[in-house]
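Student: Attaching a predicted model along with its sequence, questions to come.
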Amino acid sequence: MSMVEINLNNVEELIFHNRDFADKIPDFRGYYDQWRLGRMTAALKSVGQKSLVDFLNNITEQQTLKIEELLGEKVKIDCPKMSNIKSYTMDITELDDFMNQNSPYGYPRMYRKGTKIFITIWR
């Protein structure tokens, strides 16, 4: 079985352009929606690009196995390790305290899934 390396150069082509992945990995619906928004609106292009980085940095082993199943090949995820990116996951009830205690620097991006809030902040 051959191996496909998914990285920042090809994640858009291999994952985001294929609608099956969005349906099979519903945890990343927020990333797909933001990427699509960035493609449709020039002013939000950077948000779309950031969603690609967030996807690579937050994918789990279980989700990687789903991608392997859909591609029919072994997959290696090459995550961009950037020290100026911070990701947080919290319950919606903790958001006010978090924002009051951690003055976000840079460009925050957040989305909600049920009662969970996912925040990524980068410079």
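Tutor: Everything's here; your move.

Student: Only C-alpha atoms from now on, for both contacts and neighbour counts.
Tutor: Noted.

Student: tell me the domain ranges of the protein?
Tutor: In terms of domains, the chain is parsed into 1-81, 82-123 (source: automatic domain parsing).

Student: so which of those is the most packed in?
Tutor: Most buried of those, by mean neighbour count (mean count of other C-alpha atoms under 10 Å): domain 1-81, with a mean of 15.

Student: and the residue most central in space within the chain, what does it touch?
Tutor: By C-alpha atoms, centre = their mean, the chain has its centre lying nearest to Phe55, at 2.5 Å. Applying C-alpha atoms under 8 Å, 6 or more residues apart in numbering to Phe55 gives the contacts Phe28, Tyr31.

Student: returning to what we had before: pick out the shakiest of the domains of the chain, pLDDT-wise.
Tutor: Among these, domain 82-123 carries the lowest mean pLDDT, at a mean of 82.

Student: follow-up on the earlier one: how would you label the residue nearest to the centre of the chain: helix, strand or coil?
Tutor: Using DSSP: H, G, I helix; E, B strand; the rest coil, the structure places Phe55 in helix.

Student: next one: Asp20
Tutor: Asp20 falls in the helix class when you classify it by three-state DSSP.

Student: can you tell me how far it sits from Glu12?
Tutor: Using C-alpha to C-alpha, to the nearest Å, we find Asp20 at a distance of 13 Å from Glu12.

Student: the helices in the protein, which residues?
Tutor: 11, 19-24, 29-40, 45-58, 61-71, 95-101 (DSSP state H).

Student: Out of the ones you listed, which is closest to Asp78?
Tutor: For the helices of the chain, the distance to Asp78 is smallest for helix 45-58, at 7.2 Å, taking C-alpha to C-alpha.

Student: what's the angle from that closest one to helix 29-40?
Tutor: Relative orientation of helix 45-58 with respect to helix 29-40: 150 degrees, computed using axes from the mean of the first three to the mean of the last three C-alpha atoms, to 10 degrees.

Student: got the CA coordinates for helix 45-58 in PDB?
Tutor: What follows is helix 45-58, C-alpha atoms only, in PDB (Å, rounded to 0.1, in the frame of the first residue of the first chain):
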ATOM      1  CA  LYS A  45      -9.100  34.600   2.200                       C
ATOM      2  CA  SER A  46      -6.800  34.500   5.200                       C
ATOM      3  CA  VAL A  47      -9.500  32.900   7.300                       C
ATOM      4  CA  GLY A  48      -9.800  30.200   4.700                       C
ATOM      5  CA  GLN A  49      -6.100  29.600   4.700                       C
ATOM      6  CA  LYS A  50      -6.000  29.500   8.400                       C
ATOM      7  CA  SER A  51      -8.700  26.800   8.500                       C
ATOM      8  CA  LEU A  52      -6.300  24.600   6.500                       C
ATOM      9  CA  VAL A  53      -3.600  25.000   9.100                       C
ATOM     10  CA  ASP A  54      -6.000  24.400  11.900                       C
ATOM     11  CA  PHE A  55      -7.300  21.200  10.200                       C
ATOM     12  CA  LEU A  56      -3.800  19.800  10.000                       C
ATOM     13  CA  ASN A  57      -2.900  20.700  13.500                       C
ATOM     14  CA  ASN A  58      -6.000  19.300  15.100                       C
END
